[in-house]
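# Fold the stuff below for me.
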Amino acid sequence: MTPSPHDSVTISCPACGDTFVRIGRQRWCSGACRSEGYRRRKAQSSPSVVLWETTPRREHSVYACDACDTRSLGEQRCESCGSFMRRLGFGGLCPCCDEPVAAIELVSDASERKR
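Just a heads-up that it's a prediction; the model follows:
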């Protein structure tokens with residue numbers, strides 16, 4: 001049973017275990033113990049964050065040139081005309097024709113066939 005916070009009762013400090021006379025709503029015997037309790041709570045509540053290795057987005061992006069309709073995978077500048085190309089999205093090389101294909105095009109083609 002926890003004593004009322006307004007009673008002057010001797011309690012033990014959760015950080016160091018020393019007993020002290022509680023004044024008001026005091027839980028800790030000193031500011032140092034209060035800081036130690038905060039650090040312990042933060043250490044328990046914060047999970048260890050595991051970051052995965054990121055890969056550059058450009059390597060897996062399909063680009064299309066508006067000037068000459070050339071497509072490329074991972075290259076932002078058109079080899080034919082030298083202008084910068086527009087990003088279509090993530091994609092890869094088509095296994096049949098070995099041309100760059102954006103994933104969004106494959107999904108939209110499949111949804112159009114269902115209609």
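# For the rest of this, base every contact and every neighbour count on C-alpha atoms.
OK.
# What's the biggest helix in the protein, counting residues?
Using DSSP state H to define each element, the chain has its longest helix at helix 31-45.
# got the CA positions of the helix or strand just after that helix in CSV?
Later in the chain than helix 31-45, the nearest helix or strand by DSSP states H and E is strand 61-64. C-alpha atoms of strand 61-64 as CSV (Å, rounded to 0.1, in the frame of the first residue of the first chain):
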residue,chain,number,x,y,z
SER,A,61,14.8,4.3,-61.4
VAL,A,62,13.6,4.3,-65.0
TYR,A,63,14.0,7.7,-66.9
ALA,A,64,12.4,8.8,-70.1
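# Residues in contact with strand 61-64: which ones?
Here strand 61-64 makes contact (C-alpha atoms under 8 Å, 6 or more residues apart in numbering) with 70-76, 85-92, 100-102.
# Please list only the buried members of the residues you listed.
The neighbour count (16 or more other C-alpha atoms under 10 Å) marks 71-76, 85, 87-92, 100-102 as buried among the contacts of strand 61-64.
# Not counting the longest helix of the chain itself, show me its contacts.
Helix 31-45 has contacts (C-alpha under 8 Å, 6+ apart) with 13-16, 28.
# try 10 Å this time
Residues outside helix 31-45 that contact it (C-alpha atoms under 10 Å, 6 or more residues apart in numbering): 13-17, 26-28, 30.
# No further queries at this time; thank you.
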